[in-house]
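>>> Give me coordinates for this.
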Amino acid sequence: MPRPRARLLVALALAAVGLPGSAALGGPAGALPAPPPGAISANVTFVANVPEMRTAISVNFIDDTMFVSAMTGVYAYSMADPTKPTLVGALPQYIWENEDVDVDRKRKLLFISRDPRGFTTQAAPGSTFPFGMIQVIDVSVPSAMHQVSQIVIGAGHTTTCINECKWLWAGGPFANAATQPGWVGRPIIGVDLRDPLRPVECATPIDLGRNDGVTDYAHDVQVDARGIAWVSGAGGVRGYWTSGKHRNPVTGKVETADGCRPIPYAGGGSPEEATPSRFMHNSWRNLTASVGGRKGDVLYATEEDLSSSCESSGRFVTYDLKGTYKGEGFKNTAKTKQRMRALDTWTPEDAEGAEGCDSAHYFTDRGDSLLAAAFYGQGTRFLDVRDPRNIRQVGYFRPDDANTFASYWWRDYVVIADYGRGIDIVKFTGKLPRKTGRGAEPQLPTVRAPRRTVAGPIRFAPSERWGFLCPTTARPA
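Take a look at the predicted model:
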């Protein structure tokens, strides 16, 4: 049983989301619950659903605790039994959007990134507030989460730990013309967090001129196993050293990198034929993945586009980084229009036909190039990208009412943040062959999911009173 304080917070949290306490604490012990209506491949097992987290946007973990960032606050769940996640703490508040919540596992901190659009009012419809905010939350005792500091900065939508959370990088959204002239979108704003009680903004913005020389929307950052911070956004993806001494390919000088003064590493523009909108949402570099016998040259990335069909946008893409390690994506790009080489593209439409369309969003890598990828109304798709020139769908979990924002590998499970359904937990039971190439074991078959039977995807609109701080949702007619 939770301690008295934890029980109180559980009750407050459930009151905030409007459900009785029994829903969060799980039903009686026994068999796994029945899967939801929709399409689930034979190699995916439905394990659990947490419906009170129906506005879930992003998830992260510290040990056996799952932290959910939702529109209504931050919630902590014990995952001691993943079939029955148990609510142990809550910090209710309106949050827009904290789309990629990050945590400091050593210092037991969680970070909320507030989007400037969350402060937009109806008095200035369509405007973009000039400031975002980072909140630093102590989660060392999940039943008593509390804020220890905050900092107002010129960006806010996502936040990413740099150098073990000694720094944070915040990205997004588009620029405010009145206060940020010359920018189409906001670059990365760095925050020195070596003292979490006194966060300090970096003196200069990061990732300027990212879109053919124009400072455009830097959306999110993922850090690979070598410590390279990959910034995705309008125009493409670019990677930076954030520690150690390295030759700067732009200046030609050996410099020392840190979280406020990174050094260009590789990456560059996304080609129009592969990603027509050229808006790279997030990326990942698996250092063991190879193309043409070269390891470490493969980058996975998603294009987010909710305004057109999958025939032309909203794709998952694999890229070859060859030819980008000498600063090609950073030097004089307004003139060179440098582009990376796309290896392959994939959308649900390829697997399901004309009605199986929705944009790519967040994905994670199990470590062996098997990805769990979110596609909003088309749910979670399991993609085998060990051959980056031939992306294959090998499993799927697509409830009829899906609005999947992100899919996370966690131990033997996949935890899914779904804005409409809450948290879904599934298991992928298929097995990849240990070898590839000649003499390999039979591969998992490429699978096709049936067409979706309900309209979608869900769209967002500002609420009459709170704007995008508390958006409303509606399906198009």
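>>> Now the element after the host helix or strand of residue 159, going C-ward?
Assigning secondary structure by DSSP states H and E places residue 159 in strand 158-162. Counting by DSSP H and E, the next helix or strand C-terminal to strand 158-162 is strand 167-171.
>>> Give me the contacts around that following strand.
With Cβ atoms under 8 Å, 6 or more residues apart in numbering as the test, strand 167-171 has contacts from 102, 111, 113, 132, 134, 153, 155-162, 186-194, 199, 202, 206, 217-221, 229, 231, 233, 242, 258-260. (Glycine included, C-beta is placed from N, CA and C.)
>>> ok and the strand holding residue 159 relative to strand 167-171, angle-wise?
150 degrees (axes from the mean of the first three to the mean of the last three Cα atoms, to 10 degrees).
>>> C-alpha coordinates for stretch 175-195, CSV please?
Output in CSV follows, covering the C-alpha atoms of stretch 175-195 (Å, rounded to 0.1, in the frame of the first residue of the first chain):
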residue,chain,number,x,y,z
ALA,A,175,10.3,32.7,-34.0
ASN,A,176,8.6,35.7,-32.7
ALA,A,177,9.0,38.4,-35.3
ALA,A,178,8.8,41.3,-32.8
THR,A,179,11.5,40.0,-30.4
GLN,A,180,13.6,37.7,-32.6
PRO,A,181,14.0,39.5,-35.9
GLY,A,182,15.9,37.7,-38.6
TRP,A,183,14.9,34.2,-37.4
VAL,A,184,12.3,32.1,-39.0
GLY,A,185,12.4,29.6,-36.1
ARG,A,186,14.2,29.5,-32.8
PRO,A,187,17.6,27.9,-32.6
ILE,A,188,18.7,25.8,-29.6
ILE,A,189,19.0,27.7,-26.4
GLY,A,190,21.5,26.1,-24.0
VAL,A,191,21.2,26.2,-20.2
ASP,A,192,24.1,25.6,-17.8
LEU,A,193,22.7,23.2,-15.2
ARG,A,194,25.8,22.3,-13.2
ASP,A,195,24.1,23.9,-10.3
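>>> all helices of this structure, in order?
Along the chain, the stretches classed as helices by DSSP state H are 4-17, 21-25, 333-336, 348-352.
>>> which of the contacts of strand 167-171 are buried?
Listed as buried from the contacts of strand 167-171 are 102, 111, 113, 132, 134, 153, 155-162, 186-193, 199, 202, 206, 217-221, 229, 231, 233, 242, 258-260; burial here means 16 or more other Cβ atoms under 10 Å.
>>> What about those residues, which are in strands?
When DSSP state E is applied, these are split such that 102, 111, 113, 132, 134, 153, 158-162, 189-192, 218-221, 229, 231, 233 fall in strands.
>>> ok, back up a step: walk me through which strands the strand holding residue 159 pairs with, and which way each runs.
strand 167-171 (antiparallel) (DSSP bridges).
>>> can you give me the mean pLDDT across the partner strand?
Strand 167-171 shows a mean pLDDT of 98 in the predicted model.
>>> Stretch 338-353 too?
The predicted model assigns stretch 338-353 a mean pLDDT of 82.
>>> likewise stretch 132-149?
97.
>>> Start and end of that stretch, how far apart?
End-to-end distance for stretch 132-149: 14 Å, by Cα to Cα, to the nearest Å.
>>> before we move on, what about stretch 407-418?
Span of stretch 407-418 from end to end, Cα to Cα: 9 Å.
>>> Identify the residues contacting that stretch?
47, 53-54, 56-59, 61, 66, 68, 79, 82, 362-367, 372-374, 380, 397, 399, 402-406, 423-428.
>>> buried subset of those?
47, 53-54, 56-59, 61, 66, 68, 79, 82, 362-365, 372-374, 380, 397, 399, 402-406, 423-426, 428.
>>> worst average pLDDT in the helices of the chain?
Mean pLDDT is lowest for helix 21-25 among the helices of the chain, at a mean of 39.
>>> before we move on, back to that, point out the ones among the buried ones among the contacts of stretch 407-418 that are inside strands.
Cross-referencing the buried ones among the contacts of stretch 407-418 against strands under DSSP E gives 47, 56-59, 61, 66, 68, 363-365, 372-374, 380, 397, 399, 404-406, 423-426, 428.
>>> Geometrically speaking, which residue is the centre of this structure?
Nearest to the geometric centre of the chain sits residue 362, at 4.2 Å (Cα atoms, centre = their mean).
>>> That one contacts residue 380, correct?
No. Applying Cβ atoms under 8 Å, one finds residue 362 not in contact with residue 380, separated by 10.3 Å.
>>> Find residues that contact each of those two.
What both residue 362 and residue 380 touch, as defined by Cβ under 8 Å, 6+ apart, is the set 373-374, 407.
>>> Format these as CSV; extra columns: distance to residue 393.
Putting the shared contacts of residue 362 and residue 380 into CSV (distance: Cβ to Cβ, whole Å) gives the following:
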residue, distance to residue 393
373, 9
374, 14
407, 13
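>>> now this structure, which segments are flagged as low pLDDT?
1-30, 120-128, 308-309, 350-356, 433-445, 447-477 (pLDDT under 70).
>>> cutoff 80 now
1-30, 119-129, 306-313, 349-357, 432-477 (pLDDT under 80).
>>> Number of residues surrounding residue 392?
A count of neighbours around residue 392, defined by other Cβ atoms under 10 Å, yields 18.
>>> correct me, but it touches residue 383?
Yes. Residue 392 is within contact range of residue 383, at 6.9 Å (criterion: Cβ under 8 Å).
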